[in-house]
Structures are given as structure tokens and as C-alpha cells.
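Trainee: A predicted structure for the sequence below; I have some questions about it.
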Amino acid sequence: MGHPFRDVAIVGVFNTKQARVLEGYDSQTIALEAALGAVADAGLEPRDIDGVVGGIASNFLYQSRIGPAWRSMSALGIPAVIEGAMAIACGLANTVLIATGEAGSYRQHASTAPWTRPTNEFVAAYGMFTAAEFALMARRHMHMYGTTPESMAHVAATIRNNGHVNPQAVYSGRGPFTADDVLNSRMVADPFHLLDCAMTSEGGTALVLTHADRAGDLAKTPVHLLGGGTDHYGPSYQHPPVWDLGGVRRPDLIAGHVGRRAAEEAFASAGLGPSDVDVCEFYDPFSFELIRQFEAYGFCGEGEGGDYVMSGVIEPGGRHPITTDGGTMSFSHGGASVQLFQRVIRGVQQLRGECISSQVANAEVAMCTGGGSGALFTDVLLLGKDRP
Amino acid sequence: MSMLTPQVGDIPLPDPGPISTPYWQGCREGVLRFQRCLDCGAPTHTPALLCAACASMNLEWVDSSGRGEIYSWTRVWRPVTPAFITPYVPIIVTMEEGWSILSNLVGCEDNAVSIGQLVEVEFHHNGGPNDIWLPYFHPRSP
Ligand SMILES: [Zn+2]
């Protein structure tokens, strides 16, 4: 049997303008702008789309009268990309649009953003939100392995500096940052300072996948899906985020390593390993999660992530540069779903060689991720320039 | 430094469901309860239909000793909503019976928290439409 995604390519990607507040937009209009941008980036017309993913993408389907079309409601990041690819691989659709956007839904900042706040009866009364959930994971790692706030701050400064030099980042020009700047910012949820955490913003994003046989005729260099996987332990932010939470089917895998199985499957499918990854477009809800991911995916041993990120590999010019547009800390965090696609968008731009900042020279393989330990899920997608 | 106390503001309170009602009734009575499997003996929390170890539906409610030790903690300075007074200290406690619970630490200075700290449950009356008593934990001696 051939590679499951041999016949699929990503041919269009687009981020709208991202900002703390996008005046004059709502979630529907910013997502439609993203959808049109991704279709144009591919050199296609709306009528070429015969499959859509996401609730907002289906509005594009109606407005452009491209029905009847295949549709999935899958909305959250890499699983949606994998589902769109499966639809093409299975012959359910030829060209799939995935689009989302968020604007106008969170502008009163006395409380943390609504998507960060759980409603479950066993956590809400204790003041839990995403920073506290992830902090409970990070604190356990510090206790077990001696991981330091300095190593986390180095990660945050590196990502924020990628955003600083990116003209399209919400926090473009806000730096440069040192690790001390991060450590001196006010404490949010110990061990996370303000600059260890993602921001909130608004924006839209979209991508287009099509059959690989057609991809060569389109506007941009096609990018291929070499492998992907999703690891979930249950609903996010409803149960205690226990590092050692295990499962009966694979007792060797615990929530602290969530994403390991997904990465193993993705690498096996690609015939590659961590050393082959040229760009680490890792999801960055909190600085610690980068340290954790390098361990979970096998770039370094368990407990070695703190030293690993301090060894010169994650900066521009290092062997495994991270989150090269500034990620959710500096580029954008457009709500509940937008930013979960943007590691994939950036991975595609890196492999095309079209990044206007922090372009990794001759990048062949990009690893894109979403989620994190505090949310009890991590999704992984390996992208490459060569058809698998 | 500040003394950690139960929250008294208009915080979100639980809305017990069919599975969790015995848990919240226990809190009302001053007893922390968890589910134990009648087939394999494993403890389960949060309240569930299935045993976390063997997926049996044959679960019973039993009283916990209320004692455990801190497994992980954080100290929050940016509250989830303005109703919460800061700092507050979310903790995960490993109970003596081997199950984990999320709560807040009270009854000590905010900087006195550490992993391995021995703690014991106490209950605080929040009221609301469901007459909720929330379990919190305070330090204890061995
Ligand atoms: Zn059992």
C-alpha cells in the first residue's frame, strides 16, 4: 500500500491581517476574507472548491454558490487538515477549503478569554483557566527534572523575537526580548510570567488542499503531508491535569508526553526522525510546552528539554528553529481555533521559501503541532517538499 | 505574602449532575467521597460511570480519609474573573486512597506551598441554588 496522503497536496494558504482588535470585522467576514485569500494563493477560483471543512467555511460554500459540496464540521486545527486530506485521498472531494476566523467575540478583558475558561463542575470553582492548567503540568516537570524558569524564559524570548522581526505579527517591533525581560514581567500563574503566555488577538486563516496530480499546475510550490497524528486523553480543562495520567491500552504513554504516539506515527509514515526536521513550527500556548514537546517527540530524552532548548538549536540559524513567525505569543492568537491552524500555514510558507522574516534556508521538512499537555491533547503534522 | 482563604466572591459554582450528586451530598455532610470499583478495587475521580482501571460499571461510593499530599501547584495572580481574590493556589492532591483531585490550598501563607506537602480536606459553604459546600485543602502534620 502506498502512502495514505500520496495523492494530496496543500496548494493555498492565507492569513488575513491579525490584530488585537480588527475593527469592522466579525468572525464570519474575517473568515471569508481568509477563504478568498487561500483560494487566490492557490491560483484557483471559488468554483474549483468541492469540499469545505469548518462551520465558517460552509458559509463560504453558500455565499459563493459552489454547492453541492462535501462538508465536515471538524474545526480545530491539524485534525481538520488531516480530515480534509482524507476526503481527497478517499475520493470524496478533489479540492478542499478549510477556513476559520474570529473577531469581535472577546473585547472585555477583565476576565480571561472565554475559550480559556472551563465550565466543568470540578475545576471552575477553583479559578482554573488555561495558564493555571498548563502551570500545573510545568510545575510537576520542574519538580521531577529541575527544569528552570530561565529555560522557559529563553523559549519565550526566542519566539517573541521571531515575532518582533515579523512585519505581519501583532507584536511586530515590540522587542527585542531577553530572557530577563520575560522573568521580570509580572507573574500570571507561577511559574508563568506574562511573557511566558500566549496573547489574545483577532484574525482569520485558511488553506486549500487538492489532488497531487493537479497541484503541479497551480500557482505555488505544492507542499505534501508526510504524516500526521492526533493524541487525545479526554476533554480539555474539565479534569485535574495530572502529568502521570495514563491509559490502560498504552500504560507506557502518559499525559505529560501527549503527542508522542502521534509523532511516532507521523515519523514512521514519513520514514523520518527528529533529526530530519528543519523547522519546528511547534504550538506555543506557554513557554514550557516547547520544552515538553522536544521531549515528547524524541528530539531529546525525558527531563532533558530544559537543557536542550538552551543549547543553541531553537534560535534562527539553529538546527531546529521554533515557531518562526512569533506564534501565539507574538504573531497572533485569534481565538478558539484560528491559531491552531497557523503552525501549518507557517510550515507551508517555510517549505515554499516565501517567509518575509526568519526564513529557514533550504527547509525540506517542517513539523507542525497543536494543543498541549494542559489541554490533554497534542496533534502533529509533518510537511515536506517531496511527494511521499 | 498573604494568607490563603476560601473564595467568598461570586465565583462559578458546580451544577451537580446525575453521576456527581452523591459527591456533592458528601461535601454537604462534611465527607469527601470517591468511587471505588467493586470488581478491581481501583479508585475513580472525577465522578464517572466507568471504573478508570477496568471500565466496569460496578462502582460504589466510599468515604475518603480526606488526607493526601500535594502533587502539583500553581499560584495565580491574574484571576480568571474579577470575582476571584488573588493570589490563590490551585493544587492537585494525591489522596491516600490513590486518586487525584483538583482544589485550592488554604490556611497558610501563599509562599508556603510545595510538592509533597501533606494536606487535609476542609469544606466551605458557598451556597447558591445547589447549596454547595466546596472542598478545600489545608496543610497538616504527619
Ligand atoms: Zn475496576
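Mentor: Arrived safely, thanks for sending.
Trainee: buried sites along the lowest-mean-pLDDT helix or strand in chain A?
Mentor: Least confident helix or strand, chain A: helix A:55-63 with a mean of 88, by mean pLDDT, DSSP states H and E. By 16 or more other C-beta atoms under 10 Å in any protein chain shown, the buried positions in helix A:55-63 come out as A:55-61. Quick note: C-beta positions are derived from backbone N, CA and C, even for glycine.
Trainee: what do you get for stretch A:272-290?
Mentor: Neighbour-count burial for stretch A:272-290, counted by 16+ other C-beta under 10 Å, picks out A:272, A:277-290.
Trainee: The least confident helix or strand of chain A - contacts with which helices or strands?
Mentor: Applying 3 or more C-beta pairs under 8 Å, 6 or more residues apart in numbering or on different chains; DSSP states H and E, we find helix A:55-63 packed against helix A:27-41, strand A:51-53, strand A:70-72, strand A:95-102.
Trainee: mind listing the strands for chain B?
Mentor: B:33-37, B:43-44, B:59-63, B:67-73, B:90-95, B:100-104, B:118-127, B:132-139 (DSSP state E).
Trainee: tell me the mean pLDDT for the second one?
Mentor: Mean pLDDT, taken over the full extent of strand B:43-44, equals 96.
Trainee: contacts for that strand?
Mentor: B:34-37, B:50-53, B:59, B:95, B:97-99 (C-beta atoms under 8 Å, 6 or more residues apart in numbering or on different chains).
Trainee: who's in contact with the closest residue to the ion within the stretch 51-200 of chain A?
Mentor: Closest contact between the stretch 51-200 of chain A and the ion, by C-beta to the ion, is at A:Phe122 (20.5 Å). Neighbouring residues of A:Phe122 by C-beta under 8 Å, 6+ apart: A:238-240, B:14, B:20, B:46, B:101-102.
Trainee: tally of neighbours for the residue of chain A found nearest the ion?
Mentor: Nearest to the ion, among the residues of chain A, is A:Val248, at 9.9 Å (C-beta to the ion). With neighbours defined by other C-beta atoms under 10 Å in any protein chain shown, the count for A:Val248 comes to 9.
Trainee: now do B:Glu60
Mentor: Neighbours of B:Glu60 (other C-beta under 10 Å): 10.
Trainee: Equivalent analysis for A:Ser269, please.
Mentor: Neighbours of A:Ser269 (other C-beta under 10 Å): 18.
Trainee: Assign a three-state SS to it, would you?
Mentor: Following DSSP: H, G, I helix; E, B strand; the rest coil, the label given to A:Ser269 is helix.
Trainee: was I right about it contacting A:His224?
Mentor: No - counting by C-beta atoms under 8 Å, A:Ser269 does not reach A:His224; the two are 11.6 Å apart.
Trainee: Could you name every residue contacting both of these two?
Mentor: Contact with both A:Ser269 and A:His224 is made by residues A:Pro388, according to C-beta under 8 Å, 6+ apart.
Trainee: Now render the strands of chain B as JSON lines, adding distance to the ion.
Mentor: JSON lines is the format used below for the strands of chain B (distance: least, C-beta to the ion, whole Å):
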{"stretch": "strand B:33-37", "distance to the ion": "3"}
{"stretch": "strand B:43-44", "distance to the ion": "8"}
{"stretch": "strand B:59-63", "distance to the ion": "8"}
{"stretch": "strand B:67-73", "distance to the ion": "21"}
{"stretch": "strand B:90-95", "distance to the ion": "17"}
{"stretch": "strand B:100-104", "distance to the ion": "16"}
{"stretch": "strand B:118-127", "distance to the ion": "24"}
{"stretch": "strand B:132-139", "distance to the ion": "24"}
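Trainee: Make a markdown table from these and add distance to A:Met144 to it.
Mentor: Putting the strands of chain B into a markdown table (distance: least, C-beta to C-beta, whole Å) gives the following:
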| stretch | distance to A:Met144 |
| --- | --- |
| strand B:33-37 | 25 |
| strand B:43-44 | 23 |
| strand B:59-63 | 30 |
| strand B:67-73 | 10 |
| strand B:90-95 | 14 |
| strand B:100-104 | 16 |
| strand B:118-127 | 19 |
| strand B:132-139 | 22 |
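Trainee: With respect to A:Thr148, which of those lies nearest?
Mentor: Counting by C-beta to C-beta, A:Thr148 lies closest to strand B:67-73 out of the strands of chain B; the figure is 16.6 Å.
Trainee: Sheet-wise, list the partners of the closest one with their directions.
Mentor: According to DSSP bridges, strand B:67-73 forms sheet pairs with strand B:90-95 (antiparallel), strand B:118-127 (antiparallel).
Trainee: Can you add mean neighbour count and give these back as TSV?
Mentor: Formatted as TSV, these follow (neighbours: other C-beta atoms under 10 Å in any protein chain shown):
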stretch	mean neighbour count
strand B:90-95	24
strand B:118-127	17
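Trainee: Quick one: these as JSON lines, columns for mean pLDDT and distance to A:Ile345 too.
Mentor: Shown next, in JSON lines, are those (pLDDT from 0 to 100; distance: least, C-beta to C-beta, whole Å):
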{"stretch": "strand B:90-95", "mean pLDDT": "98", "distance to A:Ile345": "34"}
{"stretch": "strand B:118-127", "mean pLDDT": "97", "distance to A:Ile345": "45"}
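Trainee: With A:Ala336 as the reference, name the closest of those strands.
Mentor: Of these, nearest to A:Ala336 by C-beta to C-beta is strand B:90-95, at 22.3 Å.
Trainee: Centre-most residue in chain B?
Mentor: Relative to the mean C-alpha position of chain B, the nearest C-alpha, by C-alpha atoms, centre = their mean, is the one of B:Ser103, at 4.3 Å.
Trainee: what sits against the closest residue to that residue other than its chain neighbours?
Mentor: If the residues on either side of it in the chain are set aside, B:Ser103 comes closest to B:Phe137, at 5.2 Å by C-beta to C-beta, 6 or more residues apart in numbering or on different chains. By C-beta under 8 Å, 6+ apart, the contact set of B:Phe137 is B:68, B:70, B:91, B:93, B:103-106, B:119-122.
Trainee: where exactly do the helices run in chain A?
Mentor: Remark: helices assigned in chain A by DSSP state H are A:27-41, A:55-63, A:78-89, A:130-145, A:149-164, A:179-184, A:212-215, A:260-270, A:288-296, A:305-309, A:327-330, A:338-352.
Trainee: Adding distance to the ion as columns, could you present those helices in TSV?
Mentor: Listed next are the helices of chain A as TSV, based on distance: least, C-beta to the ion, whole Å:
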stretch	distance to the ion
helix A:27-41	44
helix A:55-63	39
helix A:78-89	31
helix A:130-145	26
helix A:149-164	38
helix A:179-184	45
helix A:212-215	48
helix A:260-270	24
helix A:288-296	29
helix A:305-309	34
helix A:327-330	40
helix A:338-352	35
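Trainee: hey, what's residue 101 bridged with?
Mentor: Since no chain was named, I'll use chain A. Counting by DSSP bridges, the residues bridging with A:Gly101 are A:Gly204.
Trainee: if you could check chain B rather than the one you did, that'd help
Mentor: B:Ile101 forms beta bridges with B:Val93, as assigned by DSSP bridges.
Trainee: confidence score at it?
Mentor: pLDDT for B:Ile101: 98.
Trainee: Next up, the contacts around it.
Mentor: B:Ile101 is in contact with A:122, A:240, B:32, B:45, B:68, B:92-93, B:95, B:135, counting by C-beta under 8 Å, 6+ apart.
Trainee: Then A:Ile78?
Mentor: Shown in contact with A:Ile78 (C-beta under 8 Å, 6+ apart): A:228, A:230, A:340-341, A:343-344, A:368-370, A:379-381.
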